[in-house]
Every structure is written in structure tokens, then in C-alpha cells.
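**Student:** Any chance you can model this:
(4 chains)
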Number of protein chains: 2
Amino acid sequence: MATIYEVSKLAGVSLATVSRVINKNSRVSDKTRQKVQDAMTELGYRPNSIAQSLASNRSNSVGILVSELHGPFFGQMMAGIEAELRAAGKHVIITTGHSEEDKEKDGIEFLISRNCDAIILHVEAVTDAYLIDLCKGKMPVYFMSRLVEGLNENCISLDNELGGYLATQSVLEQGHSAIAYIAGPQFKADSKDRLAGHKRALAENDIAFSDTLYFEGDFKETGGSDGLKCFIDSNQQFSALICANDEMASGAITYAREQGLSLPKDLSIIGFDNIIFARHTYPKLTTIDNPVNLMGHMAAKLVLKNIYKQKNMSIIHSFEPTLITRDSVINKN
Amino acid sequence: MATIYEVSKLAGVSLATVSRVINKNSRVSDKTRQKVQDAMTELGYRPNSIAQSLASNRSNSVGILVSELHGPFFGQMMAGIEAELRAAGKHVIITTGHSEEDKEKDGIEFLISRNCDAIILHVEAVTDAYLIDLCKGKMPVYFMSRLVEGLNENCISLDNELGGYLATQSVLEQGHSAIAYIAGPQFKADSKDRLAGHKRALAENDIAFSDTLYFEGDFKETGGSDGLKCFIDSNQQFSALICANDEMASGAITYAREQGLSLPKDLSIIGFDNIIFARHTYPKLTTIDNPVNLMGHMAAKLVLKNIYKQKNMSIIHSFEPTLITRDSVINKN
DNA sequence: TGTTAGAATTTTATCGTTACAATTCAAAGT
DNA sequence: ACTTTGAATTGTAACGATAAAATTCTAACA
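**Tutor:** Numbering: from 1, shown residues only, chains lettered A, B, ... in the order given. Down below sits the predicted model:
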């Protein structure tokens, strides 16, 4: 592969001039630029990005840490980030944390060692203290879907508490009062906030939160089925079930039907996230929209603005969930 | 950040010795190694991967091109690849092709310019000729889920023809004879092969393939609903519907129910891929398992073996789909 | 004690760029 | 014609590691 040196020789100019032609920023006379460009195409020259990175101390890559590579939620998130960054000629290095503290830290270390220009984290297991500490380091760090105290400027987050509130409120408005709740893992901030919103809605309507109608799931399909099984086995009475994400809701739906329940007549179910599949459950899942793709775009824009100094980037740090009404909640009024 | 130079100074040894301690391969006396390691921890030294890459002409990164970052199919694929590679200390640079020729080529260019050590491609729009040409270049190229003629050694593929055959055969065995088929985009090799398998099964059972019971979908939910709508609107009679992937099957299920059909009594539906969600449709989707996660692992192993010279890697190039029987196909016998 | 092989270590060149200071050049002003 | 000035260009030193050749050390053997 041809190097900048050969290009400069063929074009009869210095290395530096070639470099400036490549990087478009500084001025070069049209005649010289043309000569250089001709030489480049003649040699099939392609800049060596590694050497560029070493010399410029910039890798043009952004590290991303997600919990899982599969799953509709992370898929949408990554798609948003990648689309935005790719359009700007940056690339993404993606790795996973599996919601485990060690693996998350490991993933972060890995991305740092890879000389990313910035990293975007969707971490769940690691503490705020660790993150605050991390931000004191040299690597710029941004957070997706998590609000770290004092680091608001680096966060793109969803008002999960509001989402939880909305879900419960909407179910209450449909006349339900005995409401079961399957939460996500409570070490995850999202889960905790959604639950808090649920409790607030309950409180505002003078309904007591019942421990026996609460189950902590795993955000996976099994969480939904296990939770519902638990409620049913203990002979609880309830007409509605709120699941802290759509996967659990769909697990619950599947299990409910296995138990011979007719949905939504016998049980109303509402989810959270509005993953693509939510409109293909039966009944179609009423849920809370989580604009995670948009948030991915925004996180990328934040990096583009702060790190790559792109102009005209207006950033929204906080997003609001909205209710998506479909068929899985019945009106009891 | 401390450099190798400072470490060597503090440890009182040369640059090269430090380098050899880092890279574990060549021998260094225990005493020296200890000195160096102490110096490294004292300085909080972390090798600069960019500099390593420039000097060694190896980036320890593998480029991945998938059609989409979201979607259960690609999610599983990426998860497999990443898990395997990450365990070996390599990282993945992921980009997308969106099943469009230009974007795929662009993505490939992008990965090449990023100095990956190898690239793993899941391309659909680009021609075999282009790929054969690409393989003549310097960059090692591997293919996921696509068999490129003459490049078998570089491919990890699924016998899609067999999968298509299996799907149709199983439906036939359940006593169905009027069978509709919603294919994937026919420019994609997978889709074509699955259809070919379908036709073979039909032929073996002396059933004519009917153009009016064929629809070319888009591999998305809409493909399933559009296809089924088309068949129903044209007043076709059929008791079973084969969809070339699960997304389309779930779109078809949703649409069928919207039309008041009772499933699987009025219509049997079978999918392809066995995405996680397939067990949460109603009725639970009978489908063809596509071990794409495993194939991802295998593609990564292939790279590990060929590029990074890891031993003990036994490679399986060709995978076989299997029938997963659930509830969406009724027995008419 | 002197050799010598082999291990351990150092020296030096190199990878392909960018960045910065230094230089040259061309047009305008006096 | 002689400065001046700002744009265009060049030379050279990094960037932080690896790799190959050269050297030094160590211990065993004659």
C-alpha cells in the first residue's frame, strides 16, 4: 500500500502538504491540491488510519458498552448511535457488560485501552461512585439511559419514574385497582425508577402497594412467566399486571395463556419500552414508549459536539416516555 | 499516560525488554520481569494500542458488517462473534450495510480503511463477483451465512435450501397441500435457497408450485402482513402459510388475527430462524432453527485460527437447520 | 582458566502519519 | 525597487510501540 511519502514524491511536494490535502482543513493552492489528488488516485493511496491516530492522538472511534448485543432494546440503541456516528466518519467499537459489575469494568478497561476518543456506556451493575471516579480520568465518558449524579451534562436519559407512573396511572384509569407488578432487577437504576413511578401513582390514588403483588424479575421473558406464576400460585386476586419491560410482559402473556386465561378479559397486561415486537403479541401489547433509538442518536450527537467539535448540534439530555395504547389492557369502567 | 519509555527507565532496562514483558512470548528472566511489572503498576502503565498496531502492523480488531444492528437475527450473530473474539482479547468494529449494494461496499471500504486484521461480512446486496475480487486483496475476508463460490474455506453457512425443504416437508406431513409461501427478497441468497428448498419439497410430493400463492416479502413484519393480505384479497384457498423468516411469520399472524382467523385452526403458519420471540407469538411459532449464534462463534474461531494462529480450533463450515415444532401448525390428517 | 553456546538484554531502525516551527513566495504598499 | 504581510509550503521532530540485529551475560565444559 502506498504511503504518504510516495504520494508526496510523485506529486513533487512535501509530506506536510499531502497531509494538509488529506485533512482539508488548512489551505493549499488549487494547483497543488490537484497535483496531490492526482498522485493519490494514481497510486491508489489510502491513508493509514493507525498512523493517523498515533500522530494526531485521535482514533476517530467511539467505544460503546451495552449489556447485550442481542435484544431489541440494545439493538435500537446501537443502531441509533452507529447511524449518527458513521455518518460523521467515526466508527464504533462495541463490547458488552452483561449487567455484571466485573464484566462492565472489564469492558470499560478494554475500551479505554483501545484509545477511543470517547466512550458511551450503558452500564447497570457498576456504582455511581465508580462512574464519577471514572469521569475524572482522561477519557471522556457519556452515559446512555442512566442519570449519574453531578454528571448530568454527560447523560442522555429517560424519565423512567414518569414512565412507571404513566403505566400505572393508565391502568388505574381503566378501572383496575388490584394491580400486580413485575419489576426489573432492582440494582438497575431504570428498574428502581420505574417502580418508584408505579408507587407514586398508587399513592396518588390511595391504593396501598402490596408486597405480595410484587415480583422482581430479570427483564427477560422468564421474569414475566416466573412472576405471574408466583402470583397465581399464591392465589392472589388482581385484574392487571404491569411489567417493567416488554420482554417480561410477553413472557407473562405466554404463561397466562398456558394457564388458560383469556386475555385481556381475565388479565390486563402492560409493558415498557415499546420494542418492535410489542405490536405482535396477542393481544397487542399496551406499553410505554422508550425512544431509545432517538436517545442513541442523541448520545452520538453529544459526542460529535463535545469531542469532535461539530457545530449545530442541539442536545436534549432528558427524554420523556409516552403511553402507547394497544389491546392488552381492558376497560373495567 | 506513562509510556514504555518511562517504564524502561524506572525499571532500569531497555525499551525492548519492556516490550517483551508486555508480549509474553519471548523469554525474560524472572527478576527482570518482576522489575518491569513493578514499574508498570507503579506508573499505571497501559500499552498504547495504536502505537502497538502501527509498529506490529496488526490492529487486533476484526471488522464486522451486518445488515442491521437491531433485529434478533443480527443480534444473535454479533453476540456470538463478539463473545468469542472478546475472550481472545480482540475487538470488533461493527458497521452496517442495510442490504443495499452501495452501503455494503461503503461499509467494507470503511472497515478496510480502519486497518482491521480481518473482516467478517454478512452481505446480501453485493454480487459474488465483487466478493471474489475483494478476496484477492490484502484484507482477509470471511463470510457469514453466505456461500461464495470457490471461497468455501472462508464461509460459515447454513444449508438454507434444506431449511426451506424441512419447513415445507413438515407442513406437508401434517396433511396440508394448499400451501402459500412468503419469501424474502430474492436478491438475497438465503431467500432464494429457502425458496428452492420449498419447491423441491413440493415437487417431491407432486404438488405444483403456484405463482398465486407466492409473495416476495421484505423479511420484516410488514412482509408477512402484506403477503397474507395479498393472498386473502385474491380469494386464494390455502390451509398453510410458510414464511421465510420469523418476523414475517409474526406479521402474518397478527394480520391473520386482525382478519378474524382463528389460528392455527383456520391457518397454519411456519417461520424460519427461530428467533427468541418465536416462542411468544400466539400460537407459539413452529419454525426452523437457524443456529446463528453458534455460527457467529464459528466465524470468530475461523478468524482466530487463520489470522491469529490460535491452535485447537476445529471449524465447522456448514450448519444444518432443524425443525422446531410448536403450536402454529395443525395436523389435518 | 579459557571457550563457547545459549539465554538475556540492548541498540537502532522503522511503522505512516501529524504538528509545529521555519522558510519561501507573491502581491500589495510605500 | 524595497519592505511588509499573509498565504503556501517545507523540514523535521514527535507519536509509542515492535522487530531484527548486535551485544552482553551466564554458566557449563574442556
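**Student:** And the strands in chain A?
**Tutor:** Per DSSP state E, chain A carries strands over the ranges A:61-66, A:91-96, A:118-121, A:141-144, A:155-158, A:179-183, A:214-216, A:240-243, A:268-270, A:287-289, A:318-319, A:322-324.
**Student:** who wins for proximity to DNA strand D among those strands?
**Tutor:** For these, distance to DNA strand D was read as C-beta to the nearest atom of the strand. The smallest value, 16.2 Å, belongs to strand A:61-66. Heads up, the C-betas are built off the backbone N, CA and C, glycines and all.
**Student:** pLDDT on that closest one, on average?
**Tutor:** Strand A:61-66 comes out with an average pLDDT of 95.
**Student:** what's that strand packed up against?
**Tutor:** helix A:72-87, strand A:91-96, helix A:101-113, strand A:118-121 (3 or more C-beta pairs under 8 Å, 6 or more residues apart in numbering or on different chains; DSSP states H and E).
**Student:** So which of those is nearest chain B?
**Tutor:** Chain B lies closest, by C-beta to the nearest C-beta, to one member of those: helix A:72-87, at 3.1 Å.
**Student:** What is the distance between that closest one and the centre of its chain?
**Tutor:** 8 Å (C-alpha atoms, centre = their mean, to the nearest Å).
**Student:** Ok, stretch A:139-154 next?
**Tutor:** Centroid separation between stretch A:139-154 and its chain, computed with C-alpha atoms, centre = their mean, is 13 Å.
**Student:** That stretch and chain B, any residue contact?
**Tutor:** No: judged by C-beta under 8 Å from any C-beta of the partner chain, stretch A:139-154 makes no contact with chain B; its nearest approach is 10.2 Å.
**Student:** Stretch A:277-288 now?
**Tutor:** Yes: counting by C-beta under 8 Å from any C-beta, chain B is contacted by stretch A:277-288 at A:277, A:279-282, A:284.
**Student:** what's the pLDDT at A:Tyr45?
**Tutor:** 90.
**Student:** Quick check: it touching A:Ile4?
**Tutor:** Yes: between A:Tyr45 and A:Ile4 a contact is recorded at 7.5 Å, counting by C-beta atoms under 8 Å.
**Student:** related to what we said a few turns ago, just send the helices and strands packed on strand A:61-66 back as CSV, with distance to chain B and mean pLDDT too.
**Tutor:** Listed next are these as CSV, based on distance: least, C-beta to the nearest C-beta, whole Å; pLDDT from 0 to 100:
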stretch, distance to chain B, mean pLDDT
helix A:72-87, 3, 94
strand A:91-96, 5, 90
helix A:101-113, 6, 90
strand A:118-121, 13, 96
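**Student:** Turn the ones you listed into CSV, columns for distance to DNA strand C and mean neighbour count.
**Tutor:** Shown next, in CSV, are the helices and strands packed on strand A:61-66 (distance: least, C-beta to the nearest atom of the strand, whole Å; neighbours: other C-beta atoms under 10 Å in any protein chain shown):
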stretch, distance to DNA strand C, mean neighbour count
helix A:72-87, 19, 23
strand A:91-96, 16, 24
helix A:101-113, 18, 19
strand A:118-121, 17, 26
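**Student:** For A:Thr254, which of the ones you listed is the nearest?
**Tutor:** Closest approach to A:Thr254 among the helices and strands packed on strand A:61-66 (C-beta to C-beta): helix A:72-87, 16.3 Å.
**Student:** Export that closest one to PDB, keeping only CA atoms.
**Tutor:** The C-alpha trace of helix A:72-87 is given here as PDB (Å, rounded to 0.1, in the frame of the first residue of the first chain):
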ATOM      1  CA  PRO A  72     -34.500  -5.400  20.800                       C
ATOM      2  CA  PHE A  73     -33.700  -2.700  23.300                       C
ATOM      3  CA  PHE A  74     -29.900  -2.600  22.700                       C
ATOM      4  CA  GLY A  75     -30.400  -3.200  19.100                       C
ATOM      5  CA  GLN A  76     -32.300   0.000  18.700                       C
ATOM      6  CA  MET A  77     -29.800   1.800  20.900                       C
ATOM      7  CA  MET A  78     -26.800   0.700  19.000                       C
ATOM      8  CA  ALA A  79     -28.500   1.400  15.700                       C
ATOM      9  CA  GLY A  80     -29.100   4.900  16.700                       C
ATOM     10  CA  ILE A  81     -25.600   5.600  17.900                       C
ATOM     11  CA  GLU A  82     -23.900   3.900  14.900                       C
ATOM     12  CA  ALA A  83     -26.000   5.600  12.300                       C
ATOM     13  CA  GLU A  84     -25.200   9.000  13.600                       C
ATOM     14  CA  LEU A  85     -21.500   8.400  14.100                       C
ATOM     15  CA  ARG A  86     -21.000   6.600  10.900                       C
ATOM     16  CA  ALA A  87     -22.500   9.500   9.000                       C
END
